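> What shape does this take:
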Amino acid sequence: MVSMFTSLVGRYGPSADAVPMAPAELDVLAGRLPSELLAFRREYGLGSWLDGKFQFCRPADYAELVEQIFADDPELLPSATHMVGFSAFGELLLWNEQHEQVLVDLPRLVARVDAFDAREPGDPTDFPITTPLYMLDFEMSFDVFEQDNAAEPLFARALARMGPLDLGQCYGFVPCWR
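Below you'll find the predicted structure:
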């Protein structure tokens, strides 16, 4: 059977600027992240797709951010929630050991958990971590839009104006006071 990540690599190519993950790092995540994701990371490491529109990250590097976001949430324990990657504008893709895929949109201050139930560990996955990644190449996916209907999506403009992102970077916003 072809894995969903194999299909994504066929669609987007291997991650740009790939950085391998140490086997010991991956072993720590075994049983905490989907095995398919760990197999992908073993083969392809960390890196970005579509000129940095989305990049994969080390969960340990973002554990403090996850703690800040979910510190007071009794349903999404920070110790069981792991950042998988993020968009060029700070939309986070996370995996929760009980509730599976979690999307956090930092620019809009919104979180979404599709499988918010009391599923027992080991039950079949209904919301694979790959689902949002299949839509990366759609203009609306993992991008930010201005309130003006005539405005182009921000990613293409930010990429042209500021250049590609390095691993661990995202474009930011400057508050506009009126």
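> Going by C-alpha atoms from here, please, whenever you check contacts or count neighbours.
OK.
> Check which residues of stretch 166-174 are buried.
Buried residues in stretch 166-174, counted by 16 or more other Cα atoms under 10 Å: Leu167, Gly168, Cys170.
> again but with stretch 81-89, I slipped
Neighbour counts over stretch 81-89 (16+ other Cα under 10 Å) mark Thr81, His82, Met83, Val84, Gly85, Phe86, Ser87, Ala88, Phe89 as buried.
> Distance of the fifth one relative to Asp72?
What that stands for is Gly85. Here the criterion is Cα to Cα, to the nearest Å. By it, Gly85 lies 22 Å from Asp72.
> Name the helix or strand for Phe86, please.
Taking DSSP states H and E as the criterion, Phe86 maps to strand 81-87.
> strand partners of that strand, parallel vs antiparallel please.
strand 54-56 (antiparallel), strand 91-96 (antiparallel) (DSSP bridges).
> looking at those, which is closest to Phe40?
For these, the distance to Phe40 is smallest for strand 54-56, at 10.8 Å, taking Cα to Cα.
> Quick one: name whatever helix or strand follows that closest one.
Counting by DSSP H and E, the next helix or strand C-terminal to strand 54-56 is helix 63-70.
> Which strands or helices does that next one pack on?
Where contact means 3 or more Cα pairs under 8 Å, 6 or more residues apart in numbering; DSSP states H and E, helix 63-70 is packed against strand 81-87.
> so what's the backbone phi/psi at Leu133?
Main-chain torsions, Leu133, degrees, to the nearest 10: phi -70, psi -20.
> What is the neighbour count of the nearest residue to it once chain neighbours are set aside?
In this structure, Leu133 finds its nearest non-sequential neighbour in Leu8, 7.7 Å apart by Cα to Cα, 6 or more residues apart in numbering. Look at Leu8: counted by other Cα atoms under 10 Å, it has 16 neighbours.
> ok, Leu76 touching Asn96?
Yes. Applying Cα atoms under 8 Å, one finds Leu76 in contact with Asn96, separated by 7.0 Å.
> remind me which residues of the chain are low pLDDT?
Within the chain, the segments meeting pLDDT under 70 span 1-2, 115-127, 145-150, 174-178.
> can you do 50?
The model of the chain has pLDDT under 50 over residues 1, 118.
> mind listing the helices for it?
For the chain, the helices defined by DSSP state H cover 4-12, 23-29, 35-44, 63-70, 154-162.
> helices and strands around the shortest one, which ones?
If I follow you right, that is helix 23-29. Using 3+ Cα pairs under 8 Å, 6+ apart: helix 23-29 touches helix 35-44.
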